[in-house]
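S.K.: coordinates only, sequence not included:
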């Protein structure tokens, strides 16, 4: 988009390595920030929530007034308790009747989300103020599922490849998109690059090998279109220890079926019909061996094709020194602050396929 004349910007969480976003096409940016933000602190919000939004608003206004096409990403940081929200926002949420039934942590989380909602409203208001709302595409999504069981009744959540860890909101607004329309067509984050390129008239500029497909045929046909991707199946590869007690895993979606492989015991995958069983309660692995075998073959072929990193058994693992999930999380936070801490997990951590 930059090479085609668009002004480009990224503000907020980057978390795609430590190279400056400029090297990925974002001339205007606030650095290669991780969860700690540019100041590398535990709670970058609420300061950064409003700061990155204000930067985005200035970028939008300056380019709109200059008559230049633009693309901007505003990537919010997650909330970390009441300190992540303005005191005034905490007071508002505490006054809600629903807050009487919430614990302090849930109320604080709601306040952090409300601050983000407010800043999204600021962007919408700016587009209206500048008179460009009807000619601007805007989309909103999140990175992965809610922590814990926050995506109930879907199974599990963030840090897993169960449906609660994969399903997230995705909203689009813009020219040709019918207000209030809803699509049940399967979409993934990999579809966003082809979609943005298509909506910008730059689909022919995409490099070969880009995964995903354009959602434009769905968005501009009142949700009646379909998505064409290089392959029928969609794979989620997460060879890490995180929030799933069953450990590192890969999942493949093909048609109505989903298979999950857990690397600590790959001989016992789970197979679900996610159309009739979206909450993944009925494991069909034993009942449908041919279907399970077909999905496993497709999964193996994909992982081999992209040279995916896989977990390896750690022969030095000592069960007496196993790190608990809370301790592992604390070590990760120390790592993020640049204080490297030793790890002793069951298996070496593979590299996620991006």
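M.R.: Cool, got the structure. Note that the structure is predicted; figures quoted are calculated from it, not measured.
S.K.: report pLDDT for the nearest residue to residue 276 once chain neighbours are set aside.
M.R.: Spatial nearest neighbour of residue 276, chain neighbours left out: residue 256 (7.4 Å); criterion: Cβ to Cβ, 6 or more residues apart in numbering. (Each C-beta comes from the backbone N, C-alpha and C, glycine too.) Note for residue 256: predicted pLDDT of 96.
S.K.: swap in residue 339?
M.R.: pLDDT at residue 339 comes out at 36.
S.K.: now swap in residue 354 and tell me
M.R.: 32.
S.K.: what does residue 32 give?
M.R.: For residue 32, the predicted pLDDT is 95.
S.K.: distance of it from residue 244?
M.R.: 28 Å (Cβ to Cβ, to the nearest Å).
S.K.: before we move on, back to that, report the separation between the residue nearest to residue 276 and residue 303.
M.R.: 22 Å.
S.K.: is residue 244 part of a helix or strand, or is it coil?
M.R.: coil (DSSP: H, G, I helix; E, B strand; the rest coil).
S.K.: identify the residue spatially nearest to it, adjacent ones excluded.
M.R.: Closest to residue 244 by Cβ to Cβ, 6+ apart is residue 160, at 4.0 Å.
S.K.: next up, phi/psi of that neighbour, please.
M.R.: phi -140, psi 170 (degrees, to the nearest 10).
S.K.: so for the longest helix seen in the chain, mean pLDDT?
M.R.: Ranked by number of residues, the top helix in the chain under DSSP state H is helix 104-129. Regarding helix 104-129, the rounded mean pLDDT is 92.
S.K.: then stretch 173-180?
M.R.: Here the average pLDDT along stretch 173-180 is 93.
S.K.: burial measure for the residue nearest to residue 244, as a count.
M.R.: 23 (other Cβ atoms under 10 Å).
S.K.: got a list of what it touches?
M.R.: Counting by Cβ atoms under 8 Å, 6 or more residues apart in numbering, residue 160 touches 145, 238, 242-244, 249.
S.K.: those helices in this structure, which residues are they?
M.R.: Going by DSSP H, the chain shows helices at 47-65, 87-94, 104-129, 163-166, 192-199, 216-219, 289-305, 325-336.
S.K.: so what pLDDT did the residue nearest to residue 244 get?
M.R.: pLDDT, residue 160: 94.
S.K.: now do residue 208
M.R.: For residue 208, pLDDT reads 86.
S.K.: many thanks, have a good one.
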